[in-house]
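S.K.: Need the 3D shape of this:
(chains A and B)
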Amino acid sequence: MNSALEAKYRRALRWYPRSWRLKYGDAMLGTLLEIADDDGRTTPTREELADLAVSGLQIRLSAHLSAKARELAATVALVTGLAFSVTYFLFHAWSPWASATEALNDPSYVGFGAFVNPGVLETALWLVACCCACSRLRRLFRASMMTIAALPIVLLLVERATHPNWFGPSTVTLVFFSALALMTFLGTPRPQMVPFGFAVALTGWMIEYVRIGALDRVDAHSLVSEQLLWQITVLSAEAAPIFSVALLTSAMLSLTGRRTAAQVILVSMVPWMVAYTVESVSISGPGLIGSVVLDVLTGGILLVVTAHVARLFGVRHDRAQVS
Amino acid sequence: MTSEMREPTFLVLAALADGRKHGYALIKEASVLSGGRVELKVGTLYAALDRLQQEGLVAAAGDEVVDGRLRRYFELADAGASALEVEIGRLEANATLAKDRLHRRLLAPDTSSAHA
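M.R.: Numbers count the residues shown, from 1 in each chain, chains lettered A, B, ... in the order given. The predicted model follows:
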C-alpha cells in the first residue's frame, strides 16, 4: 500500500466535516486507492482533489442549507449574473453605445478591441456558462464559473497597471459578478428554470436602468454610468428598505416553516450585500467597514433568533426534495 | 419523486439493480451503463449515496476489508427499485414519442422542392 498516497487522500478528505469522515471516510479512501491502483498512479489527480474539495464544502454547507435551497440559489445566481452581463454589455460595453458613455469624452480613452471595455469578456463567459448549465455539461460549467470568479483579480491587476486609463468594468461590478459566480457552486442550477428566470432577471435589470435614468434625469443622449448604477441600486435611500424587506420576508418564511424559500432569499442577498459593502467602502473609505459589519451581524443575529423561535414553537420545516 | 431524476442518480440506481456493489464497482458500472460518457467522481458518488440512503432508495449492505482497504457495499431498496422503474417508464415514453415524431417526418412528403 502506498502510504504517501493514502496520506494525500486523507488530507483531501479533510474538506468534509468530521461526522462525514467518521461515516464514509474509510470507504471513500478505499475507493480512491483502488482507482489509483488500477490507473497505476502514486499521486491524486487534480480532478479528484477538486471534486473532493467541492463535494466536501457542499456537505459542510448542507448542514445549514438544504439541497433544494442550494440548487435554487445557484439558479438565481446564474440567471442574475447572465441577465446583468447582457445588460452590462448593452449599456456599458457595446461599441455602438460608446459615443453615449463618459469614456469617449476622455482624451485618454482606449477601447477594448471593438468594444468599450473588457466587460464583454464577462458577458461571453456567462453565456458559455449558461449554455453549459442548460446542456448539463457540468465540468465546463464549473470551469466557466471558476474563470468568472477569478476574472476580477486579473482585470483589477490590469486596472492597476493601466490606471488612470481604465474605463470599466468597475470594481463593484467585477466583485458582484464574482460573488454570483461563487454562489453557483452551492449547487447545480436547474436548467428548466433558466429561460424563465433569465427573462424575469433581464426585465428587472432593464426596469432598474430605466428607473435610474428617470430618477437621475439622465439625458437622452447619454447612458446610465456604472457609478450611478451602484450608487442608486445598493446605496440609495430606496435600496435600504428593499434589503430590510428581503430580510424580514426571509425571517417570516422561516417562522412559517418555509425554510427553503427563506434560505434562497437570504443566500441570494449575499452578492448584493457584497456590492453594497464594496461600493460603501469605495465611497466612504475603510472607516465604513465597521458599520457594514454591524449591519451584517444584526442581520445574522435576527436570523439565528428567528430560527430558534421557529424551533421553540415546533414549526416543521419543509423537506428538501432531492433528485 | 415527481421531478426528473438526474443522470448520476439514475446510473447509481441502475448499477445496483442486479445486486449489491461497493464504491469502485459502482463507478465502473456507471461508466459501462453510460457507454463511457459518465465517469463518476468519488466525492460525487458518496454524496449521491448518502442522499439516496436518506431518501430510502439505497441501503448499506455490509463492509469488507480487502488488502487492508475498506469496501462498503450498497444495495437497492424496494423504494429505489420503484423509483428506477418510474424513471425508466418516463424515459421510454419520451423515446417512444420522439421516435413517433421522427417516423412521421420520414413519412411526410418532401415539400422543400415544391417551394423552390
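
S.K.: so what's residue 60 up against?
M.R.: Since no chain was named, I'll use chain A. A:15-17 (CB atoms under 8 Å, 6 or more residues apart in numbering or on different chains). No exception for glycine: its C-beta is placed from N, CA and C like everyone else's.

S.K.: The chain in question should be chain B.
M.R.: B:53, B:72-74.

S.K.: Buried among the residues you listed? Need that as a selection in PyMOL.
M.R.: Those of these that count as buried under 16 or more other CB atoms under 10 Å in any protein chain shown are selected in PyMOL with:
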select buried, chain B and resi 72+73+74
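
S.K.: quick check, whichever strand or helix holds A:M206 touching chain B?
M.R.: For A:M206, the host element (DSSP states H and E) is helix A:194-215. No - using CB under 8 Å from any CB of the partner chain, we find that helix A:194-215 stays clear of chain B, coming within 14.4 Å at best.

S.K.: Pull out the buried residues from that helix.
M.R.: So helix A:194-215, judged by 16+ other CB under 10 Å, has buried residues A:194, A:197-198, A:201-202, A:205, A:208-209, A:212-213.

S.K.: Can you lay out the contacts of B:A60 as a markdown table showing distance to chain A, secondary structure and pLDDT?
M.R.: Output for those, formatted as a markdown table (distance: CB to the nearest CB, whole Å; DSSP: H, G, I helix; E, B strand; the rest coil; pLDDT from 0 to 100):
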| residue | distance to chain A | secondary structure | pLDDT |
| --- | --- | --- | --- |
| B:Q53 | 10 | helix | 94 |
| B:R72 | 4 | strand | 94 |
| B:Y73 | 9 | strand | 95 |
| B:F74 | 10 | strand | 95 |
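
S.K.: And the furthest pair within the contacts of B:A60?
M.R.: Maximum pairwise distance in those, criterion CB to CB, is 12.5 Å, between B:Q53 and B:Y73.

S.K.: ok, and the helix or strand in chain B with the lowest average confidence?
M.R.: helix B:112-115 (a mean of 53; mean pLDDT, DSSP states H and E).

S.K.: Mind listing residues that contact stretch B:5-14?
M.R.: So stretch B:5-14 is contacted by A:136, A:188, A:323, B:26, B:29-30, B:33-34, B:38, B:40, B:44-45, B:48-49, B:52, B:57-58, B:76, B:80, B:83-84, B:87 (CB under 8 Å, 6+ apart).

S.K.: My error: substitute stretch A:38-48 in the last question.
M.R.: A:2, A:4-5, A:8-9, A:12, A:32, A:36, B:24, B:41-42.

S.K.: quick one: buried residues of it?
M.R.: Buried-residue list, stretch A:38-48, by 16+ other CB under 10 Å: A:44, A:48.

S.K.: again, but for stretch A:272-285
M.R.: Within stretch A:272-285, judged by 16+ other CB under 10 Å, the buried ones are A:272-281.

S.K.: which one of those residues sits closest to chain B?
M.R.: Of all these, chain B sits closest to A:V274, with 27.4 Å by CB to the nearest CB.

S.K.: And the residue lying closest to the closest one once chain neighbours are set aside, how close does it get to chain B?
M.R.: Using CB to CB, 6 or more residues apart in numbering or on different chains and skipping residues adjacent in sequence, the residue nearest A:V274 is A:A179, 4.4 Å away. Taking CB to the nearest CB, to the nearest Å as the measure, A:A179 and chain B are separated by 24 Å.

S.K.: could you say which helix or strand contains A:A179?
M.R.: Per DSSP H and E: helix A:171-183 holds A:A179.

S.K.: so what's whichever residue of the stretch 1-150 of chain A sits closest to chain B closest to, chain neighbours aside?
M.R.: Closest contact between the stretch 1-150 of chain A and chain B, by CB to the nearest CB, is at A:S55 (3.0 Å). Spatial nearest neighbour of A:S55, excluding adjacent residues (CB to CB, 6+ apart): B:G43 at 3.0 Å.

S.K.: Kindly list the main-chain dihedrals of that neighbour?
M.R.: Per-residue torsions, B:G43: phi -60, psi -40 (degrees, to the nearest 10).

S.K.: Run the chain-centre distance for whatever helix or strand A:T147 lives in.
M.R.: Element membership for A:T147 (DSSP H and E) is helix A:138-162. Taking CA atoms, centre = their mean, to the nearest Å, one finds helix A:138-162 lying 13 Å from the centre of the chain it belongs to.
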